[in-house]
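What follows is a protein structure lacking sequence information:
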């Protein structure tokens with residue numbers, strides 16, 4: 001008996017033998033058949049659910065090959081997100097409102113996903129501005145892997161004083177009297193940023209479970225059905241994986257998660273992996289939650305910092321000596337592994353270690369170079385020869401201006417050289433590296449791949465180095481599936497593969513390029529089960545408990561998914577400046593405020609900002 005038939009759509013299958021169809025039949029969580037409407041309707045039985053797509057574009061569910069969902073989910077409900085916020089004035093208003101809602105001793109956290117170049121003012125907020133709107137509630141604002149801004153209340157909360165020493169690789173900016181100003185700099189290590197963030201109060205366990213569910217629903221709203229979690233600093237196994245394990249046991253995961261194990265303590269990385277190879281193995285878990293191997297940190301001496309506001313950092317001389325036994329242990333136990341690598345100089349050294357180990361213990365499974373913004377053709381060839389792949393992310397969409405300023409526009413044209421990787425038939429998967437640098441919004445990443453532009457509008461690449469839309473989509477689906485060993489069971493909509501799919505608010509393959517960033521999903525299915533529905537499919541939307549805690553930003557500020565696509569009207573209703581914007585229009589001035597959440601900023605003409613976005617009240 002066929003469970004579900006989606007009909008009357010424009011379904012991109014990514015199956016070369018049948019690339020676009022009208023309808024799809026789903027049984028037992030997998031694609032049963034694809035084809036024309038009448039062909040699929042012949043499979044319908046009395047209990048088959050039939051959904052009319054009304055001509056909408058359908059794609060395979062998106063798969064972020066490098067994200068930090070598990071860590072990000074624990075705090076999603078209490079983070080204020082600035083993605084797609086059009087101005088510093090708006091960002092500060094949101095910060096002020098959240099500071100007034102946040103009870104002691106909690107902090108207001110803005111943790112990644114924004115660029116100063118997205119703002120009409122083309123600058124960051126200042127410490128004076130942050131202190132003015134939030135004088136009493138601790139505020140922590142993270143900007144890339146580069147710096148953090150803390151207000152005076154946050155400095156007091158963590159006890160940062162004139163006598164506090166700079167940590168290794170970090171700088172506490174001080175005034176003329178030696179007092180901390182509130183600016184922390186990664187010079188070049190981000191440890192100063194993350195160790196400070198870690199001092200803020202965590203959510204209680206029940207709220208962490210709720211928060212993770214809401215984060216997954218947010219990803220579902222954007223069409224994401226799978227991710228590969230790259231671990232993270234402070235994300236210990238198994239204790240910090242208990243929340244997603246609990247959700248999997250309860251049947252409440254709405255995203256497939258393949259997770260990596262990230263070495264935690266400097267000097268004890270090998271001991272971490274020696275312990276873990278006895279506890280688990282690749283593939284252990286369920287179809288929705290499974291262990292995927294080691295990394296992205298294998299040893300701290302291999303940490304290659306991607307802060308383009310600072311000069312490139314040379315890896316420690318001891319790196320090879322510490323990395324080699326770890327790689328050999330993983331290779332011996334047939335563990336896939338991945339390693340964070342921004343610069344070609346670092347990749348050169350890593351590959352030399354991998355080649356030596358492979359000579360003694362041939363790799364029998366995949367390995368992954370993560371990021372690879374400046375990888376050379378020669379090192380792409382070496383990755384391919386060893387059977388590896390490269391996971392790329394849209395970090396340049398947020399840091400491109402800084403890279404150009406330091407290294408020049410010519411060097412930026414190959415950051416990373418995706419077209420060359422594909423020419424060499426290398427496995428390539430797309431993603432974001434969210435949540436602390438890039439946004440988790442996949443449509444920002446797809447926009448970057450297709451247009452070559454940063455979120456601030458800077459064109460980084462020649463046309464030959466951008467991708468056509470189907471190729472970019474393939475990297476975000478089939479390409480990413482390779483990185484968890486799932487290329488035969490997901491990534492395309494063809495018989496036998498998982499029925500993971502997204503019905504889009506707008507046609508990704510035909511909308512103007514600038515509108516790609518507006519796209520959301522109006523119906524998302526995971527294994528044939530509807531995990532999100534909106535607009536014309538709202539009746540299918542599965543219930544979700546209210547977000548907790550009740551003071552969190554998620555109750556008052558539109559999420560990135562709610563600032564785009566069909567969610568714009570909701571966002572505009574919530575978005576106010578002390579007077580009503582009912583129906584997306586400012587009742588005081590008569591201006592349309594909703595457009596501010598749905599259109600990229602006209603950065604090339606900042607003087608037209610208020611007219612283009614509709615409302616001078618953005619400034620007050």
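The structure has been received and is ready for your questions. Keep in mind the model is a prediction, meaning the values are calculated, not measured.

What is the end-to-end distance of stretch 155-170?
Start-to-end span of stretch 155-170 (C-alpha to C-alpha, to the nearest Å) is 16 Å.

what's in contact with that stretch?
With contacts defined as C-beta atoms under 8 Å, 6 or more residues apart in numbering, stretch 155-170 is touched by 105, 107, 138, 150, 172, 174, 177-180, 182, 184-189, 191-193, 195-196, 199-200. In short, each C-beta sits where N, CA and C put it, glycine included.

Now that stretch: buried residues?
The neighbour-count check on stretch 155-170 (16 or more other C-beta atoms under 10 Å) flags 155, 157-158, 160, 169-170 as buried.

average pLDDT for it?
Averaged over stretch 155-170, pLDDT sits at 96.

so how far is that stretch off the chain centroid?
Relative to its chain's centre, stretch 155-170 lies at 30 Å (C-alpha atoms, centre = their mean, to the nearest Å).

How about stretch 492-504?
On C-alpha atoms, centre = their mean, the centre of stretch 492-504 falls 21 Å from the chain's centre.

Name the residues of that stretch that come out as buried.
By neighbour count on 16+ other C-beta under 10 Å, the buried set for stretch 492-504 is 492-494, 497-504.

For residue 112, state which of those is nearest.
In terms of C-beta to C-beta, no member of these lies closer to residue 112 than residue 502, at 23.8 Å.

excluding its backbone neighbours, what's nearest that closest one?
residue 223 (3.4 Å; C-beta to C-beta, 6 or more residues apart in numbering).

Which pLDDT value goes with the one you found?
Looking at residue 223, its pLDDT stands at 98.

hmm, back to that, reformat the buried residues of stretch 492-504 as TSV; add distance to residue 86 and pLDDT.
Below are the buried residues of stretch 492-504 laid out as TSV (distance: C-beta to C-beta, whole Å; pLDDT from 0 to 100):
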residue	distance to residue 86	pLDDT
492	37	98
493	36	98
494	41	97
497	40	98
498	38	98
499	37	98
500	33	98
501	32	98
502	26	98
503	28	98
504	24	98
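
what helix or strand does the residue of the chain most remote from its centre sit in?
Residue farthest from the centre of the chain, counting by C-alpha atoms, centre = their mean, is residue 46 at 41.1 Å. Using DSSP states H and E, residue 46 sits in no helix or strand.

What segments of the stretch 1-150 of the chain are helices?
With DSSP state H, counting those that start in this stretch as the criterion, the stretch 1-150 of the chain has helices at 37-41, 69-73, 88-101, 127-133.

Run through the neighbouring helices and strands of the third one.
Counting by 3 or more C-beta pairs under 8 Å, 6 or more residues apart in numbering; DSSP states H and E, the packing neighbours recorded for helix 88-101 are strand 108-111, helix 127-133, strand 139-143.

ok so, going back, and the helices of the stretch 1-150 of the chain: which comes nearest residue 111?
Among the helices of the stretch 1-150 of the chain, helix 69-73 comes nearest to residue 111, with 8.4 Å by C-beta to C-beta.

contact partners of that closest one?
Counting by C-beta under 8 Å, 6+ apart, 208, 211-212, 215-216, 219, 227, 229, 232, 234-235, 240-241, 243-244, 255, 257, 259, 434-435, 440 sit against helix 69-73.

change it to 6 Å
Applying C-beta atoms under 6 Å, 6 or more residues apart in numbering, the contact partners of helix 69-73 are 211-212, 215, 227, 229, 232, 235, 244, 435.

hmm, back to that, which of the buried residues of stretch 155-170 sit farthest apart?
Spatial extent of the buried residues of stretch 155-170 (C-beta to C-beta) is set by the pair 157 and 169 at 23.0 Å.

For stretch 504-517, measure first residue to last.
First residue to last in stretch 504-517 (C-alpha to C-alpha) measures 12 Å.

cool, and stretch 17-29?
22 Å.

now swap in stretch 255-269 and tell me
Terminal residues of stretch 255-269 lie 29 Å apart, using C-alpha to C-alpha.

per-residue confidence averaged over it?
Taken as a whole, stretch 255-269 has a mean pLDDT of 96.

Buried residues in that stretch, which are they?
Within stretch 255-269, the residues that qualify as buried are 255-264, 269, counting by 16+ other C-beta under 10 Å.

For the stretch 351-500 of the chain, give me the ranges with low pLDDT.
Scanning the stretch 351-500 of the chain for pLDDT under 70 picks out no residues.

Tell me which stretches of it form strands.
367-371, 389-393, 428-431 (DSSP state E, counting those that start in this stretch).

repeat for the stretch 101-250 of the chain
Going by DSSP E, counting those that start in this stretch, the stretch 101-250 of the chain shows strands at 108-111, 139-143, 147-150, 170-174, 180-186, 224-229.

Distance to residue 392 added to these, as CSV?
CSV is the format used below for these (distance: least, C-beta to C-beta, whole Å):
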stretch, distance to residue 392
strand 108-111, 22
strand 139-143, 22
strand 147-150, 24
strand 170-174, 28
strand 180-186, 22
strand 224-229, 13
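
Let me know which of those is the nearest to residue 464.
strand 224-229 (28.8 Å).

what are the pairing partners of the closest one, and which direction each?
Applying DSSP bridges, strand 224-229 is found paired with strand 62-67 (parallel), strand 256-261 (parallel).

List of residues touching that strand?
Applying C-beta under 6 Å, 6+ apart, the contact partners of strand 224-229 are 61-65, 67, 69-70, 255-259, 483-484, 500, 526.

by how many degrees do it and strand 367-371 diverge?
Angle between the axes of strand 224-229 and strand 367-371 is 100 degrees (criterion: axes from the mean of the first three to the mean of the last three C-alpha atoms, to 10 degrees).

what's near enough to touch residue 315?
Contact analysis of residue 315 by C-beta under 6 Å, 6+ apart lists residue 346.

so what's the backbone phi/psi at it?
Main-chain torsions, residue 315, degrees, to the nearest 10: phi -70, psi 160.

Sketch out the helices for the stretch 401-550 of the chain, chain order is fine.
For the stretch 401-550 of the chain, applying DSSP H, counting those that start in this stretch gives helices covering 409-412, 418-423, 442-451, 469-474, 480-481.

Just say which of these is most tucked in.
Each of the helices of the stretch 401-550 of the chain was scored by mean neighbour count; the highest is helix 480-481, a mean of 28, by mean count of other C-beta atoms under 10 Å.

Run the chain-centre distance for it.
15 Å.

So what touches that helix?
Contacts of helix 480-481 (C-beta under 6 Å, 6+ apart): 63, 65, 429, 487, 490-491.

ok, back up a step: okay if I get the buried residues of stretch 255-269 as a markdown table plus distance to residue 131?
Shown next, in a markdown table, are the buried residues of stretch 255-269 (distance: C-beta to C-beta, whole Å):
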| residue | distance to residue 131 |
| --- | --- |
| 255 | 38 |
| 256 | 43 |
| 257 | 39 |
| 258 | 43 |
| 259 | 39 |
| 260 | 39 |
| 261 | 40 |
| 262 | 35 |
| 263 | 38 |
| 264 | 34 |
| 269 | 40 |
